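Participant: I'd like to go over a predicted model; first the sequence, then the structure.
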Amino acid sequence: MLNSGGWIQWLFLQTGWFSPKPTSNEVSLPNAEYNLQLLDMGGNRLNFKDLQGKTIFLNIWATWCPPCIAEMPGIEALYQKTQKESIAFVLVSVDEDPEIVRRFMKRKKYEVPIYFLQSKLPTLYQHSSIPRTYVIDSKGKLAYKHHGIAQYDSQHFRDFLEKL
């Protein structure tokens with residue numbers, strides 16, 4: 001359940017004010033960093049390097065973060081509407097207790113893949129706030145980054161991902 005601040009943020013998301021406007025010419029963004037070890041909710045290890053060659057939607061979030069919770073329905077909808085063979089969704093929870101995340105995902109009936117850190121987060125993805133979202137193209141370039149809340153379930157953003 002969202003607290004009053006979370007509901008307000010969720011309502012703002014529904015207005016479209018927080019829709020990301022990625023462009024295909026964000027040329028100043030650096031190469032992606034792949035030195036990252038993750039663990040999925042089933043206990044399986046993922047070496048982030050194994051995703052090289054795919055477009056990656058990387059989101060860093062937590063269940064205790066109202067903006068993260070508010071943007072999660074849009075991320076789930078985006079996940080359900082995209083080509084999972086060519087786009088890897090990697091949502092990294094920074095919650096201390098994985099069981100809280102499992103219960104949250106089950107209660108919300110979300111299917112988007114959730115991972116937990118098993119190594120230090122590469123410098124490129126470190127920031128003092130969450131949520132944070134990065135899109136890495138299939139050539140290993142950071143194609144998009146956004147710090148803060150956003151509504152990712154838009155045709156414009158889906159087209160952006162599909163073109164990468």
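Facilitator: The structure has been received and is ready for your questions. Numbers count the residues shown, from 1 in each chain.

Participant: residue ranges for the strands of the protein, please.
Facilitator: Counting by DSSP state E, the chain has strands at residues 37-40, 45-47, 55-61, 87-93, 114-117, 132-136, 142-147.

Participant: how about CSV for those, with mean pLDDT and mean neighbour count added?
Facilitator: Glycine gets a C-beta too; all of them are placed from N, C-alpha and C. Listed next are the strands of the chain as CSV, based on pLDDT from 0 to 100; neighbours: other Cβ atoms under 10 Å:
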stretch, mean pLDDT, mean neighbour count
strand 37-40, 98, 16
strand 45-47, 97, 14
strand 55-61, 97, 23
strand 87-93, 97, 21
strand 114-117, 98, 19
strand 132-136, 96, 24
strand 142-147, 93, 20
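
Participant: got a markdown table for the ones you listed, with distance to residue 73 too?
Facilitator: Putting the strands of the chain into a markdown table (distance: least, Cβ to Cβ, whole Å) gives the following:
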| stretch | distance to residue 73 |
| --- | --- |
| strand 37-40 | 21 |
| strand 45-47 | 24 |
| strand 55-61 | 13 |
| strand 87-93 | 13 |
| strand 114-117 | 15 |
| strand 132-136 | 15 |
| strand 142-147 | 17 |
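
Participant: for this protein, which spans come out with low pLDDT?
Facilitator: Scanning the chain for pLDDT under 70 picks out 1-28.

Participant: cutoff 90 now
Facilitator: Applying pLDDT under 90 to the chain picks out residues 1-30, 83-86, 128, 162, 164.
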